[in-house]
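Q: All I have is the shape, not the residue letters:
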Ligand SMILES: Nc1nc2c(ncn2[C@@H]2O[C@H](COP(=O)(O)OP(=O)(O)O)[C@@H](O)[C@H]2O)c(=O)[nH]1
Ligand SMILES: [Mg+2]
């Protein structure tokens, strides 16, 4: 909770940011940059970075983790996720972690930070990760996406800017994404030891978060699934309370109470898994149906275009045949005319010759 006395009594709504993207793109490291920089800007004692990054002692992120800090009177929640949308991820794992992530984001998600690295090529795998994000979170998630490019230091050492990088080699899917998410993007150098640079990039990110919030009229990202999970969580909390209150009002043993609590927790986890799984299956089916519909429309349009091309070709052929016929007729008419003139000439010559011989005879 934000300490209202420290921040001068001004209350601002919390912001919840979720880091997503392919494993190795720098999600955890970016999460650490955000948290440690905000803490240092608020004058807090430096602590161990909260998220496990690739070469940290604890290895790569295995499960979603929430870290909360505050900045200028606002609670900032950062949720790091494992590479949920990597190609090889099992649906069951995605369901479990998505359930955890949505449970952690109890007040909704303000911004989804989609992490790309300028060091790795933006391949088909990145594109499919984006398709997966859209299919699982729903297509209105783009209203909350902020694209974060990590490894800014690699560009710095080449003397390049983010714009240069995007002008040189920006795949179509990223151009489309940036245009639908209002060009919300930022470059992070997570290895920078320059305090000013670290602060500038985090501030820039928070400004983009505010831009997204404004764009969404203050509404957080939430959908049917999020609502369902909230309901299940509320039910569980009630059940948990009831079991705990039995402690005072019944003569159940501590073991029996713990057993009930464990069973309720297990049931709750199963319900969340089921809800997320059902959601994933439903959205995937919806996307497949949509893709099949688009495919059928494309085939129909192609067939119509082919018909049109055929019609045009036939018309052209007819016109050419007609022109050839006309040329042939003209040629024949010219021939006839030539023949007629030749005969006329001949007749004239003959008449002239006769006239000549007659005059000779008279003489
Ligand atoms: N040089 C540099 N390395 C980075 C940067 N961001 C992340 N990394 C490194 O990239 C690797 C993967 O980062 P990590 O945060 O674990 O990726 P995740 O799997 O997406 O969480 C780690 O070795 C990080 O230290 C950056 O901006 N610059
Ligand atoms: Mg990680």
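A: Looks like it came in fine. Here the structure is a predicted model, which is why all the values come from computation and not from measurement. Ligands and ions are numbered 1, 2, ... in the order given.

Q: For residue 95, pull up the helix or strand it's in.
A: Taking DSSP states H and E as the definition, residue 95 sits inside helix 91-104.

Q: so what does that helix touch, helix or strand wise?
A: strand 74-80, helix 224-249, helix 254-362 (3 or more CB pairs under 8 Å, 6 or more residues apart in numbering; DSSP states H and E). Just so you know, the C-beta spots here come from the backbone N, C-alpha and C atoms, and that holds for glycine as well.

Q: The same query, at a cut-off of 7 Å, please.
A: Applying 3 or more CB pairs under 7 Å, 6 or more residues apart in numbering; DSSP states H and E, one finds that helix 91-104 contacts helix 224-249, helix 254-362.

Q: Mean neighbour count, these: which tops it?
A: helix 224-249 (a mean of 14; mean count of other CB atoms under 10 Å).

Q: tell me what that one is packed against?
A: helix 91-104, helix 254-362.

Q: Now with 10 Å, please.
A: helix 91-104, helix 124-137, helix 254-362 (3 or more CB pairs under 10 Å, 6 or more residues apart in numbering; DSSP states H and E).

Q: weakest of these in terms of mean pLDDT?
A: Per-stretch mean pLDDT for the helices and strands packed on helix 224-249 is lowest at helix 124-137 (a mean of 79).

Q: Quickly check: the longest strand that the chain contains near ligand 2 or not.
A: Counting residues, the longest strand in the chain under DSSP state E turns out to be strand 12-21. No: residues of strand 12-21 contacting ligand 2 under CB under 5 Å from the ion: none, with a closest distance of 8.0 Å.

Q: swap in stretch 150-158?
A: No: using CB under 5 Å from the ion, stretch 150-158 never reaches ligand 2; the gap is at least 11.4 Å.

Q: check contacts around the residue of the stretch 101-250 of the chain found nearest ligand 2.
A: Nearest residue of the stretch 101-250 of the chain to ligand 2 (CB to the ion) works out as residue 115 at 9.4 Å. By CB atoms under 10 Å, 6 or more residues apart in numbering, residue 115 lies in contact with 19-22, 24-31, 81, 83, 146-150, 188.

Q: Filter those down to just the ones in helices.
A: Per DSSP state H, helices hold the following members of the contacts of residue 115: 27, 28, 29, 30, 31.

Q: and the residue nearest to the first one when sequence neighbours are not counted, what are its bridge partners?
A: Here the nearest residue to residue 27 in space, its sequence neighbours aside, is residue 19; by CB to CB, 6 or more residues apart in numbering that works out to 4.1 Å. Beta bridges link residue 19 to residue 80, residue 113, judged by DSSP bridges.

Q: wait, isn't residue 19 in contact with residue 53?
A: No: assessed by CB atoms under 10 Å, residue 19 is found out of contact with residue 53, at 11.5 Å.

Q: what about the residue most central in space within the chain, distance to residue 72?
A: For the chain, residue 130 is the residue whose C-alpha lies nearest the centre (CA atoms, centre = their mean; 4.1 Å). Taking CB to CB, to the nearest Å as the measure, residue 130 and residue 72 are separated by 32 Å.

Q: neighbours around residue 26, how many?
A: 27 (other CB atoms under 10 Å).

Q: Check what pLDDT residue 56 gets.
A: Note for residue 56: predicted pLDDT of 52.

Q: one step back: and the gap between the residue nearest to residue 27 and residue 95?
A: Distance from residue 19 to residue 95, by CB to CB: 19 Å.
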